[in-house]
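A.B. asks: here is my input, please return the structure:
(chains A and B)
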2 protein chains.
Amino acid sequence: MTQTYIEDIARHVGETIVIKGWLYNIRSSGKLIFPQIRDGSGILQCVVFKKAVPEEVWDACQTLTQESSVIVTGAVRADDRAPGGFEMDVTNLEVVSIAEPYPITPKEHGPEFLLDHRHLWIRSKLQHAILRVRHEVIRAVRDYFDSNGFILADTPIFTPAACEGTTSLFEVNYFDDEKAYLTQSGQLYNEATAAALGRAYAFGPTFRAEKSKTRRHLTEFWMVEPEVAYATLDDIMDLAEDFLCFVAARVLANRRPELETLGRDLSKLEAIQKPFPRISYDEAARMLVDGGQAFEYGGDFGAPDETFISSKFDRPVMVHRYPAAVKAFYMKPDPMDPTKALGVDVLAPEGYGEVIGGGERASDLQFLRDQIARHELPEEAFDWYLDLRKYGSVPHAGFGMGIERCVAWMCGIEHIREAIPFPRTIYRTKP
Amino acid sequence: MTQTYIEDIARHVGETIVIKGWLYNIRSSGKLIFPQIRDGSGILQCVVFKKAVPEEVWDACQTLTQESSVIVTGAVRADDRAPGGFEMDVTNLEVVSIAEPYPITPKEHGPEFLLDHRHLWIRSKLQHAILRVRHEVIRAVRDYFDSNGFILADTPIFTPAACEGTTSLFEVNYFDDEKAYLTQSGQLYNEATAAALGRAYAFGPTFRAEKSKTRRHLTEFWMVEPEVAYATLDDIMDLAEDFLCFVAARVLANRRPELETLGRDLSKLEAIQKPFPRISYDEAARMLVDGGQAFEYGGDFGAPDETFISSKFDRPVMVHRYPAAVKAFYMKPDPMDPTKALGVDVLAPEGYGEVIGGGERASDLQFLRDQIARHELPEEAFDWYLDLRKYGSVPHAGFGMGIERCVAWMCGIEHIREAIPFPRTIYRTKP
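C.D. replies: Okay, the predicted model is just below:
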């Protein structure tokens, strides 16, 4: 008989089906044993009645350890008292493999222990829920851009030069002593694909060799980066706002059980509605100073600054027009005040900080040449990038969103390391 | 007035709209100028009648060079003689930027020149069509797995050890003189996520430091890898077959204009229908020998062997049960003949070779320990992988499909370097 997945069980009430999975939990009471089986799509409570099964099945049930793999046959019954609403009356149970004593127990484990056992930890209910929310976020991201005229154009991982600064580059030994660098952002390439395709986006892993050991940093993280030809800062703020509302609405619509498993306060996600407040860097700086925060005007915001600013709002806040000096070389200066860059950071509420960064890119060839010299970047590495200003330069803008920060925010979890199946941090490349 | 994209023009016949794009081509005839404008979503023929526009617009049209950026206002008219079926009667044209002489001209350029100018080459009609087919293939891949119960679980790029052999690993300088390696395949991790989620897939870039300079190799390529707990070789062959038919049907349904632009023989794609022939390695080897091919029994198939075998069929052929010695250490041996591995390669027709490789994985702990020792791999790097056999080992199977090979096949193009926006090969990390 073919396998039925637990997520489809509502369609099989009254039928005898086969479930293939692992023992999640078990308890017994005299002539009844209640194994809970997980199969990756859900958890099902099974009922083994001594008189209803062959003796060897009853005996096998006594030997089951947590995570032992089993194939269970039985009839599905709706039962409001059962977790999930269904139970199975077992007629047969085949042991595939008896698990050794499982290292992850209901007792509290430290984060290092759990990360060392990440390949097993992802079997737990909470991690399951987070991974399913991640799946939903990524699907929503792609659906949004695919249905709004964007073409996916993957940008390269191996790059010849830095995009976001040279200090946080990972160096790769390419062929014959040549070096390559792992991409920090697909943005420069997105500017080429947007000039080709009008609206393009990249979606892939990016890398930062930052020595930051904070709950917001990974050395390897996934990023989605749309770029739009002929778009301005205002256009891209509209896009970021519309996009985030779409993603949050999809997670709420499709992953409510997972959010409930995580104990997420749904009202925080329901509040993600247009319009998002838009304030300038100067206004945000004034809020910090008026609020008595230690902050020096002209600098970038630190995590505590972002938390303070976002705590004033019930939804994401967009901070625009940062000092040009703290932003990347390719940002377009504000014509009204060239000391400011036409960039925007979207700060998530609840202390999740910057989830989106972007803005309008400089389209003037000479300005960019000067910027590359001023930042002491090697111009020959950017010759192709400067070509985009020689051959049909246009205003254009885009942004990047870090997937793990968005997932952590949606889930309401504290550390982004749980928002990716196998997190990579400064001291961890394993498992 | 807001921008209209050329792909939406059919909805605006009779209206005055604004197109923002680049000059693709231009010709004139007395008091008429016909600029063709591309905006990334399509190409539109415009008509500038001297008497219908201000003098400065007429003069500006004389200055336009290929790829100059322009904003054009005019009324849309259906015209069967026009390429695409529509024309615009221009009432205004604003020059955003006059392009320098464009390096890519209608004359023949060598592949190195075009690859050096890849950031501009992607603006051409053929490259556009290929990138749109790529977009469609990737969307179809995700839709297929998302709608068949799979959860996306991204596997890490930084890995501590080899999966497909140590000779083709790229080494990264991690922190404090530590080394990490770029993933060659997410498969080992997929086995962990499949044990957690039942059905999981990874989709991301993978890396092979192979010195191969063939039309089928890139150092950086994208791969989709589904993995299914409790699946056997036969199950995964069914899955691969169903999946490829779905992808081909979607490309045919949604990207017919692009395939026509590429001159693709659509009958070749229409032939991708179930069932695919399934032959054993032994049968394939006999075909080679009977066909007079130079081939030594027991070895892996080379590209000419694959081409010969696949030329005998009008659709993909699945070759299963290769000699265990030429396959990866984790493959399950065939119980009927342990010198064979329960692996399968799907060979595409028309010389495109292996597009899918996969099979059933060994689930026995001691067998895998012996294999790791036999292959002289460091067991401590695989301790987490072996855990999957200690805690609820189950039969499981999966496969990987290289996106660029699939895209090249769908498009009917010769070299996979055109199937990715910015190809990386042994001598190329730029642009």
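A.B. asks: strands along the stretch 151-300 of chain A, start to end?
C.D. replies: Applying DSSP state E, counting those that start in this stretch to the stretch 151-300 of chain A gives strands spanning A:151-152, A:158-159, A:171-173, A:179-182, A:199-207, A:220-229, A:278-280.
A.B. asks: and B:F113, which of these is closest to it?
C.D. replies: strand A:158-159 (20.9 Å; C-beta to C-beta). C-beta here means a position set from N, CA and C on the backbone, and glycine is covered the same way.
A.B. asks: turn the strands of the stretch 151-300 of chain A into a markdown table, columns for mean pLDDT.
C.D. replies: Shown next, in a markdown table, are those (pLDDT from 0 to 100):
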| stretch | mean pLDDT |
| --- | --- |
| strand A:151-152 | 98 |
| strand A:158-159 | 95 |
| strand A:171-173 | 92 |
| strand A:179-182 | 93 |
| strand A:199-207 | 98 |
| strand A:220-229 | 98 |
| strand A:278-280 | 98 |
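A.B. asks: could I get these as a markdown table with distance to A:P257 and mean neighbour count?
C.D. replies: Converted to a markdown table, these look like this (distance: least, C-beta to C-beta, whole Å; neighbours: other C-beta atoms under 10 Å in any protein chain shown):
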| stretch | distance to A:P257 | mean neighbour count |
| --- | --- | --- |
| strand A:151-152 | 30 | 24 |
| strand A:158-159 | 41 | 24 |
| strand A:171-173 | 42 | 18 |
| strand A:179-182 | 37 | 20 |
| strand A:199-207 | 26 | 25 |
| strand A:220-229 | 24 | 24 |
| strand A:278-280 | 35 | 17 |
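A.B. asks: double-check A:M223 against A:Q187; I have them as touching.
C.D. replies: No - with contact defined as C-beta atoms under 8 Å, A:M223 does not reach A:Q187; the gap is 9.4 Å.
A.B. asks: touching both of the two, which residues are there?
C.D. replies: A:G400 (C-beta atoms under 8 Å, 6 or more residues apart in numbering or on different chains).
A.B. asks: and the stretch 251-400 of chain A, which residues reach chain B?
C.D. replies: Residues of the stretch 251-400 of chain A found near chain B (C-beta under 8 Å from any C-beta of the partner chain) are A:S363, A:W384, A:Y385, A:D387, A:L388, A:K390, A:Y391, A:G392, A:S393, A:V394, A:P395.
A.B. asks: isn't the fourth one right next to B:L120, touching?
C.D. replies: Yes - using C-beta under 8 Å, A:D387 makes contact with B:L120 at a distance of 6.4 Å.
A.B. asks: what about the two, which has more around it?
C.D. replies: B:L120 (24 against 20; other C-beta atoms under 10 Å in any protein chain shown).
A.B. asks: quick one, what contacts that one?
C.D. replies: Per C-beta under 8 Å, 6+ apart, neighbours of B:L120: A:A192, A:D387, A:Y391, B:E67, B:Y102, B:P103, B:I104.
A.B. asks: thinking A:A180 is in contact with A:A161, fair?
C.D. replies: No - using C-beta under 8 Å, A:A180 makes no contact with A:A161, being 9.9 Å away.
A.B. asks: which element follows the strand or helix carrying A:E56 toward the C-terminus?
C.D. replies: A:E56 belongs to helix A:55-63 when assigned by DSSP states H and E. Next helix or strand after helix A:55-63 toward the C-terminus (DSSP H and E): strand A:69-78.
A.B. asks: list the buried residues in that next one.
C.D. replies: By neighbour count on 16 or more other C-beta atoms under 10 Å in any protein chain shown, the buried set for strand A:69-78 is A:S69, A:V70, A:I71, A:V72, A:T73, A:G74, A:A75, A:V76.
A.B. asks: need the max-distance pair from those.
C.D. replies: A:S69 and A:A75 (21.7 Å).
A.B. asks: just to check, A:D265 is in contact with A:C411?
C.D. replies: No - with contact defined as C-beta under 8 Å, A:D265 does not reach A:C411; the gap is 11.2 Å.
A.B. asks: quick one, helices of the stretch 251-400 of chain A?
C.D. replies: Along the stretch 251-400 of chain A, counting by DSSP state H, counting those that start in this stretch, helices occupy A:256-261, A:266-270, A:281-290, A:303-310, A:365-374, A:383-390.
A.B. asks: mean pLDDT and distance to B:I43 added to those helices, as a markdown table?
C.D. replies: Putting those into a markdown table (pLDDT from 0 to 100; distance: least, C-beta to C-beta, whole Å) gives the following:
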| stretch | mean pLDDT | distance to B:I43 |
| --- | --- | --- |
| helix A:256-261 | 97 | 45 |
| helix A:266-270 | 98 | 42 |
| helix A:281-290 | 96 | 41 |
| helix A:303-310 | 95 | 44 |
| helix A:365-374 | 96 | 26 |
| helix A:383-390 | 97 | 20 |
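A.B. asks: make a markdown table out of those and add distance to A:L23.
C.D. replies: Putting those into a markdown table (distance: least, C-beta to C-beta, whole Å) gives the following:
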| stretch | distance to A:L23 |
| --- | --- |
| helix A:256-261 | 20 |
| helix A:266-270 | 32 |
| helix A:281-290 | 53 |
| helix A:303-310 | 42 |
| helix A:365-374 | 60 |
| helix A:383-390 | 56 |
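A.B. asks: just so I know, which of those lies nearest A:A140?
C.D. replies: helix A:266-270 (12.6 Å).
A.B. asks: go through that closest one and flag the buried ones.
C.D. replies: A:K268, A:L269.
A.B. asks: list phi and psi for the residue in the stretch 151-300 of chain A that chain B sits nearest to.
C.D. replies: The stretch 151-300 of chain A approaches chain B most closely through A:G198 (2.4 Å), counting by C-beta to the nearest C-beta. Phi and psi for A:G198, reported as degrees, to the nearest 10, are phi 80, psi -60.
A.B. asks: surely it touches B:I43?
C.D. replies: No - counting by C-beta under 8 Å, A:G198 stays clear of B:I43, with 11.6 Å between them.
A.B. asks: buried ones in stretch A:258-267?
C.D. replies: Buried, per 16+ other C-beta under 10 Å, within stretch A:258-267: A:E258, A:L259, A:T261, A:L262, A:R264.
A.B. asks: sorry, slip of the keys, the one I care about is stretch A:280-294.
C.D. replies: A:S280, A:Y281, A:A284, A:A285, A:M287, A:L288, A:Q293.
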